[in-house]
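Below are the sequence and a predicted model; questions follow.
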Amino acid sequence: MTEIKNLETYDPFEDVEEETKTKTSVFKPIHLRVKTRRGKKKITTIENLSSEFDLKMLIKVMRKKFCCSGSIVNDERLGEVIQLSGDQREAVAEFLIEEEITTKKGIKIHGN
Amino acid sequence: MSEFELDLPKKKKRKKKPVKKEQKKSETNEEEENEFKFELPKKKKGRGRGRGRGKRGRGRGKRGRGRGRGRGRGRGRGRGKTKGKEKAKDLNSENLNQTEEPEIEYKVLKSEFEQGLKIEENPDYEYQELLTRFYKTLKERNPELTGENKFIMKHPKVIKGGSKKTVIANAQELCHAMRRRPDHVLSYFLAELMTTGSIDSDGVMIIKGVYREKHIVPILKRYIQTYVACQVCNSVMTSLIKDNRLFFVKCEHCDSKTTVQGIKSGAATNLLRRKQKFQNKK
């Protein structure tokens, strides 16, 4: 009996490389929102950052660059969320694109 | 003897009724010559001659009329002149004594619109006149078929409702024009602005926080782009349908369905509520 090829196991995804980080983040885009706290003061929240990154290091760098305070908060349904003081949506967007964490399509800005 | 020297403006040459005009001019000139004798000053057409400023006159640039405007005007004038001359030549050949126009008996009922436009009995239409007339009728009777598919929406009336609150007075009209429920629109606004709000019985939206028209108009635009406009044909005649826990935007113009995500609110609102709960318990 010759070997029946149909019964052999064949993995069609052998040649395909592993998905890069950018692709996963496009399907789960990063949301940037702003909330007003007391009159002029505002908070920006960053959601959906994948847990592969070291969030503590990210916060350190962002705090130094933007001269603001930040913290990580655990949310039930959204996971870990970064909070920064002030309205820094555009600055964060530029920062994420420079560091090649996401592309332009993977960011969604809400608010004014 | 010329007692008066008046500077009359030149009569604009109309191209509709060339026959009548020449008669009028000839008649009036004869009459005027009998009564008054005054000379019309000749307008010197030319570039700067007689004004003492140079070849081109009035400090113009190379192209004759300053800053690149000579091209368009030059061409337009050129065409007009030639047309008038041609018509004058043709009419000179015909007998001008035939001034009486043949009486046309109209038995066809003129529509109300045509009566308004005052179509003359001896028409000698040009292309542009017919075009404008065509588009006027189209706009009045079939506005859908015109190429202008712009969706013109009213601006939202944003008013200050006391300190720390804003009021959108137009909310019901806007939702009716977009064919969406005001609940859906409200939830989108609140998710984008991360605040709380409600709808009154009159259809008035109240949002917590101080916002102005410039803040709210881009949010409205985004709402229309995602939830109202069809992504295939860009028309606004759409409706929201829920099917198997999915939201669809169905277009009436092109009969296409596209899925749309539901409205998700952000995280901070939940966090603040938790803090308030803990504070209240203490």
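All right, it came through fine.

When you work out contacts or count neighbours from here on, use the C-alpha atoms and nothing else.
Fine.

Find the nearest non-adjacent residue to residue A:44, please.
residue A:34 (4.5 Å; Cα to Cα, 6 or more residues apart in numbering or on different chains).

Please, which helix or strand holds the one you found?
Element membership for residue A:34, per DSSP states H and E: strand A:30-38.

now swap in residue B:138 and tell me
helix B:127-141.

got it, and residue B:219?
Using DSSP H and E, residue B:219 falls in helix B:213-223.

Near chain A, which residues of the stretch 51-200 of chain B are found?
Residues of the stretch 51-200 of chain B lying near chain A by Cα under 8 Å from any Cα of the partner chain: B:192, B:193, B:194, B:195.

what about 10 Å?
Contact residues, the stretch 51-200 of chain B versus chain A (Cα under 10 Å from any Cα of the partner chain): B:164, B:189, B:190, B:191, B:192, B:193, B:194, B:195.

ok, residue B:126 - how many residues close by?
Neighbour count for residue B:126, taken as other Cα atoms under 10 Å in any protein chain shown: 10.

if I look at it, how far off is chain A?
Separation of residue B:126 from chain A (Cα to the nearest Cα, to the nearest Å): 51 Å.

same check, this time on residue B:137
With Cα to the nearest Cα as the criterion, residue B:137 and chain A are 42 Å apart.

Kindly report the same for residue B:265.
10 Å.

The closest residue to that residue other than its chain neighbours sits in which helix or strand?
The shortest distance from residue B:265 to any non-neighbouring residue, by Cα to Cα, 6+ apart, is to residue B:191 (4.6 Å). Secondary-structure element containing residue B:191, defined by DSSP H and E: helix B:182-193.

Can you tell me which helices and strands the next helix or strand after that helix packs against?
Moving toward the C-terminus from helix B:182-193, the next helix or strand (DSSP H and E) is strand B:197-199. Packing contacts for strand B:197-199, counted by 3 or more Cα pairs under 10 Å, 6 or more residues apart in numbering or on different chains; DSSP states H and E, involve strand B:165-168, helix B:182-193, strand B:205-208.

These: which one's closest to residue A:42?
helix B:182-193 (11.3 Å; Cα to Cα).

Contact distance from chain B - what residues of chain A qualify?
A:31-40, A:43-47, A:73-81, A:83, A:109-112.

Pull out the buried residues from those.
A:31-36, A:43-47, A:80-81, A:83, A:109-111 (16 or more other Cα atoms under 10 Å in any protein chain shown).

as a whole number, average confidence for stretch A:81-101?
The average pLDDT within stretch A:81-101 is 89.

again but with stretch B:186-197, I slipped
For stretch B:186-197, mean pLDDT rounds to 89.

swap in stretch B:208-218?
Per-residue scores along stretch B:208-218 average to 90.

what's the nearest residue to residue A:107 if we skip its chain neighbours?
Using Cα to Cα, 6+ apart, the nearest residue to residue A:107 is residue A:30, at 4.8 Å.

what residues are up against the one you found?
By Cα atoms under 10 Å, 6 or more residues apart in numbering or on different chains, the contact set of residue A:30 is A:46, A:47, A:48, A:49, A:50, A:93, A:102, A:105, A:106, A:107, A:108, A:109.

Could you find which two of those are furthest from each other?
That would be A:50 and A:109, which, of those, are the farthest apart (Cα to Cα) at 17.4 Å.

Which elements pack onto the lengthiest helix in chain A?
Determined from DSSP state H, the single longest helix within chain A is helix A:55-66. Here helix A:55-66 touches strand A:70-75, strand A:79-85, helix A:89-98, going by 3+ Cα pairs under 10 Å, 6+ apart.

With distance to residue B:202 added, can I get those in TSV?
Below are the helices and strands packed on helix A:55-66 laid out as TSV (distance: least, Cα to Cα, whole Å):
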stretch	distance to residue B:202
strand A:70-75	37
strand A:79-85	37
helix A:89-98	36
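
which stretch among these comes nearest residue A:63?
strand A:70-75 (6.5 Å).

what's the average pLDDT for that closest one?
Rounded mean pLDDT across strand A:70-75 is 85.

residues near the closest residue to residue B:203 other than its chain neighbours, how many?
Setting aside the residues directly before and after it, residue B:203 is nearest to residue B:172 in space (Cα to Cα, 6+ apart), at 5.1 Å. The local packing of residue B:172 (other Cα under 10 Å) involves 18 other residues.

Quick check: the gap between residue B:172 and residue B:210.
Distance, residue B:172 to residue B:210, by Cα to Cα, to the nearest Å: 21 Å.

What of residue A:10?
62 Å.

hmm, back to that, buried residues of the helix holding residue B:219, list them for me.
B:216, B:219, B:220.

where in chain B is pLDDT low?
Within chain B, the segments meeting pLDDT under 70 span B:1-9, B:11-123, B:144-150, B:267-282.

The same query, at a cut-off of 80, please.
Applying pLDDT under 80 to chain B flags the ranges B:1-125, B:142-153, B:233, B:265-282.

so is the most centrally placed residue in chain A in a helix, a strand, or just coil?
In chain A, the residue lying closest to the centroid (Cα atoms, centre = their mean) is residue A:49, at 2.7 Å. Classification of residue A:49 by DSSP: H, G, I helix; E, B strand; the rest coil places it in coil.
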